[in-house]
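S.K.: Need the 3D shape of this:
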Amino acid sequence: MHLRHPCLALMGAAIALLGSALLCAAADTPKLQGIYSNMEPSVEQGELIGIEVFILPHIRDDEVAYVALIQFSDGLPTRPQLVDLATRDDGISFSAVHPIEGEIGFKGSIDMEGLSGRFDTLGEVSLPRGESIWQWGASGR
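M.R.: Predicted coordinates for the structure are as follows:
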């Protein structure tokens, strides 16, 4: 004897489909923390060129806040800087000291591909999400 009503099976399938859709929607929201870098070695010139940003979460005043470890390289890598990261509904911002330009601001956003935006004097930048150049080791990527 079968006690399940056919509508219950249909309702269960609908609930499973809705739950799956909600999980997919939540998965589409990119997390802020991660490594964003366009830093590349120039084999011909023996230089390192680019920018690397490592965003880390922490707790401040019982809320999640973020800092960014930023490194510029215009031939030789500069000393990394730890700066506060401001988050807004429309993106992120921070200020850092560039070795040539001095203090510069950044305003941009993060999506599944990476971090993109504009530095005051350096212009537009796109930093793919992924590994740090410092994770490569002697063998390269």
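S.K.: May I see the buried residues of the helix or strand hosting Ser73?
M.R.: Assessed by DSSP states H and E, Ser73 sits inside strand 63-75. Neighbour-count burial for strand 63-75, counted by 16 or more other C-beta atoms under 10 Å, picks out 66-68, 70-73. Using the backbone N, CA and C atoms, a C-beta is placed for each residue, glycine as well.
S.K.: what packs against that strand?
M.R.: With contacts defined as 3 or more C-beta pairs under 8 Å, 6 or more residues apart in numbering; DSSP states H and E, strand 63-75 has these neighbours: strand 47-60, strand 81-88, strand 91-98.
S.K.: Using TSV, lay out the ones you listed together with mean pLDDT.
M.R.: Formatted as TSV, the helices and strands packed on strand 63-75 follow (pLDDT from 0 to 100):
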stretch	mean pLDDT
strand 47-60	94
strand 81-88	95
strand 91-98	96
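S.K.: And the ones you listed: which comes nearest Leu115?
M.R.: strand 47-60 (6.1 Å; C-beta to C-beta).
S.K.: For the closest one, what is the distance to the chain centroid?
M.R.: Put simply, strand 47-60 sits 9 Å off its chain's centre (C-alpha atoms, centre = their mean, to the nearest Å).
S.K.: Which positions in it come out as buried?
M.R.: Neighbour-count burial for strand 47-60 [16+ other C-beta under 10 Å]: 48, 50-55.
S.K.: Out of those, which is nearest to Trp134?
M.R.: Looking across the buried residues of strand 47-60 and measuring by C-beta to C-beta, the closest to Trp134 is Glu52, at 8.1 Å.
S.K.: For His58, give me its contacts.
M.R.: 64-67 (C-beta atoms under 8 Å, 6 or more residues apart in numbering).
S.K.: Quick check, pLDDT for the nearest residue to Gln45 once chain neighbours are set aside.
M.R.: Spatial nearest neighbour of Gln45, excluding adjacent residues (C-beta to C-beta, 6 or more residues apart in numbering): Gly75 at 7.9 Å. Looking at Gly75, its pLDDT reads 90.
S.K.: What distance do you get for Gly75 to Gly34?
M.R.: Gly75 sits 26 Å away from Gly34, taking C-beta to C-beta, to the nearest Å as the criterion.
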